[in-house]
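Undergrad: here's my sequence, what's the structure:
(2 chains)
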2 protein chains.
Amino acid sequence: MKAQKWTLVKHFDGFPKDSDLELVEEELPEIKDGEVLIEALYLSVDPYMRPYSANLPLGATMIGQQVAKVLQSKAADFPIGQLVVATVGWRTRTIVNAVKPPNDGMLPTILKLPDLGNLDPSLGLSVLGMTGATAYFGFLRLCTPKAGETVLVNAAAGAVGSMVGQIAKIKGCKVIGYAGTDEKCAWVKSLGFDHSLNYKKVDIGTSLKEAAPKGVDCYFDNVGGKFTYTVLADHMNAFGRISVCGSINQYNTKLEDLEQGPYPWWHLIGRQIKMEGFMVHRWVSEWQDFIKEVKGWVDEGKIQYKEHITEGFSNMPKAFFGLLKGENTGKAVVRTYKY
Amino acid sequence: MKAQKWTLVKHFDGFPKDSDLELVEEELPEIKDGEVLIEALYLSVDPYMRPYSANLPLGATMIGQQVAKVLQSKAADFPIGQLVVATVGWRTRTIVNAVKPPNDGMLPTILKLPDLGNLDPSLGLSVLGMTGATAYFGFLRLCTPKAGETVLVNAAAGAVGSMVGQIAKIKGCKVIGYAGTDEKCAWVKSLGFDHSLNYKKVDIGTSLKEAAPKGVDCYFDNVGGKFTYTVLADHMNAFGRISVCGSINQYNTKLEDLEQGPYPWWHLIGRQIKMEGFMVHRWVSEWQDFIKEVKGWVDEGKIQYKEHITEGFSNMPKAFFGLLKGENTGKAVVRTYKY
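TA: Numbers count the residues shown, from 1 in each chain, chains lettered A, B, ... in the order given. Modelled structure (predicted):
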């Protein structure tokens, strides 16, 4: 059985290039007892792949999740046809040991996709998958929002940001979102955000002062850089909470070219700000609770979502680079029905 | 009755100057029902006075605490001779309403000094006062140290830093302290710190890697600036906690001259670091518990301390400027017996 995979042949330096990645074909062996052969239906591309790939050895398969179907099985719990969420990287077909998934505090290599009813299984990568969990746990656990508080989220038209804002509305907060095009802002507004602002057209400080005249209590940060400096220095309320999810504006910049500003620590003191970074694996033991609650919100229409679908496994790099450029609204996925 | 006070006549710009402050004499009225007249015995000078005085109107009395004695009383709870800790600023004599102290989450304007036995009442400003509480609550509550963890503290020969390190040793941690002279480092080492390093003579990154080869779990930051950037970027362990107490290396620098570095938010994510700023008033409701526990440690010899005493109310500016230059080892106080 043939499989394809995208491997890293040169570490990204600045914005990733086509020549940094190579599509490799390989022949898979027969599966052994306890193993399954899975085939990707949808693959996720996410901002975190940019920084974390820096730690991969050259020649390694690019990291990531996929929704896949079991093609062959020697593991009773994973019959042929079972849909799974698999953390196996950018691969079309993969042999996975389904009996003893690694369990070192990370997500198991394969998880059964929960029954999504009429919903597309791609949601196992977005609102009901790692992206959704990132918004759910990262916002609720680290920002601990209270009804009536003001919540700020950037990259608000992204898969995580759009969900953070909607969860904040469910919790009774006032929500301000920043995104990078007028079309994205219109979608963000349609999700129920109180304000959606195009950061390419407005001054962050001025527009935020207008949108949040009483200041910001919870800030969910996907962007980093000077945006975050401005918010921290001038807009956070006493006892404000900042959940640091991503720093997409820094990922593609060479270390020596990173934008600089005054060291910001002082700004945490007077208003007693808490700032915490996270990776979503931290809450892996509570994953089923998250799926249950968010599935309920989706069924009730309280969480809306968009997917930005790229067709074909050969287009994985294109989809990834597009994501890093902000071309997507909602979750960026690659569909591989016809690879 | 005459009183003297130090007022701010020009906001500090860069390092404070003698001409920014003015000694003013005033005549106090008779005290009314519910009021007491207190006389300062010891006045505290602290780093926080530098940044917080920026918010004072010109002509205002410099902020701060003192240990004082009740000279006249029309408040039954505060008889003549009672020792108090008073938050009334840089003043020799002060009339205070002792019946209705403001209670807006800050420390009451006057508190009775607890019975310190044979200990000098100046300790009400240091280990058993606001300084001690800053170390106690700021370290224990925000760093949540566990036995066996590695703790880093800078300005380690200061009133707060020296106590943080000793509390960390009581809790069974390995402790690394940085201070600015060899004499200070020797004292810090004598307190039981595992390592004390002169930051003016060593490279922070290299020396910290040697002293804490397994990384830092808890970092109590009094200094800020590039020191903190280095620690955050290269030395914190997963789930590390940073308590942001002060940024003394930035207080005396003009805004436009602040040292700059890359925006640091990204470094919080991968290792899931929590960073929190605080002001000690936050724990005012637990003040008596703190005094009881720390008094016990002092009595058992587990907490040692030094005071850096300047004589005379007229020398308040000198004591304050000296503190900002790091001339003190331990708590800087001004004694006013003979003003």
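
Undergrad: tell me which parts of chain A are close to chain B?
TA: Within chain A, the positions near chain B by CB under 8 Å from any CB of the partner chain are A:51-52, A:221, A:224-226, A:228-229, A:244-247, A:250, A:255, A:258-279, A:282. Any C-beta I mention is one placed from the backbone N, CA and C, and that applies to glycine too.

Undergrad: what subset of these is buried?
TA: A:51-52, A:221, A:224-225, A:228-229, A:244-247, A:250, A:258, A:261-269, A:271-279, A:282 (16 or more other CB atoms under 10 Å in any protein chain shown).

Undergrad: the residues you listed in helices, which ones?
TA: Residues of these located in helices (DSSP state H): A:Pro51, A:Tyr52, A:Gly225, A:Thr228, A:Tyr229, A:Gln250.

Undergrad: now the two most distant members of those.
TA: Greatest spacing in these, by CB to CB: A:Tyr52 and A:Tyr229 (24.1 Å).

Undergrad: tell me how far A:Pro145 lies from chain B.
TA: 17 Å (CB to the nearest CB, to the nearest Å).

Undergrad: re earlier: mind checking which of the residues of chain A next to chain B are in strands?
TA: Residues of those located in strands (DSSP state E): A:Asp221, A:Val244, A:Gln260, A:Gly261, A:Pro262, A:Lys274, A:Met275, A:Glu276, A:Gly277.

Undergrad: for the third one, which non-adjacent residue is closest in space?
TA: Think A:Gln260. B:Gln260 (4.5 Å; CB to CB, 6 or more residues apart in numbering or on different chains).

Undergrad: next, the contact list for the one you found, please.
TA: Listed by CB atoms under 8 Å, 6 or more residues apart in numbering or on different chains, the contact set of B:Gln260 reads A:Gln260, A:Gly261, A:Pro262, A:Tyr263.

Undergrad: all strands for the stretch 51-200 of chain A, in order.
TA: A:66-73, A:83-86, A:93-97, A:110-112, A:150-153, A:174-179, A:195-198 (DSSP state E, counting those that start in this stretch).

Undergrad: which SSE is immediately downstream of the last one?
TA: Read it as strand A:195-198. helix A:204-211 (DSSP states H and E).

Undergrad: what angle do that following helix and strand A:174-179 make?
TA: 150 degrees (axes from the mean of the first three to the mean of the last three CA atoms, to 10 degrees).

Undergrad: buried sites along helix A:204-211?
TA: Going by 16+ other CB under 10 Å, helix A:204-211 has these buried residues: A:Ile204, A:Ser207, A:Leu208, A:Ala211.

Undergrad: distance check, the last one against chain B.
TA: Using CB to the nearest CB, A:Ala211 is found at 21 Å from chain B.

Undergrad: find the nearest non-adjacent residue to the residue nearest the centre of chain A, please.
TA: In chain A, the residue lying closest to the centroid (CA atoms, centre = their mean) is A:Thr131, at 4.0 Å. In space, and not counting its chain neighbours, A:Thr131 is closest to A:Ala159: 4.4 Å by CB to CB, 6+ apart.

Undergrad: counting neighbours, what do you get for that neighbour?
TA: 31 (other CB atoms under 10 Å in any protein chain shown).

Undergrad: can you list the weak-confidence ranges in the stretch 1-150 of chain A?
TA: Counting by pLDDT under 70, the ranges of the stretch 1-150 of chain A that qualify are A:101-105.

Undergrad: right, and chain B sits closest to which residue of it?
TA: Of all residues in the stretch 1-150 of chain A, the one sitting closest to chain B is A:Pro51 (7.5 Å; CB to the nearest CB).

Undergrad: and that residue, what does it touch?
TA: So A:Pro51 contacts A:Ser247, A:Tyr251, B:Trp266, B:Gly270 (CB under 8 Å, 6+ apart).

Undergrad: equivalent analysis for A:Met1, please.
TA: A:Met1 touches A:Glu27, A:Leu28, A:Leu37, A:Arg93, counting by CB under 8 Å, 6+ apart.
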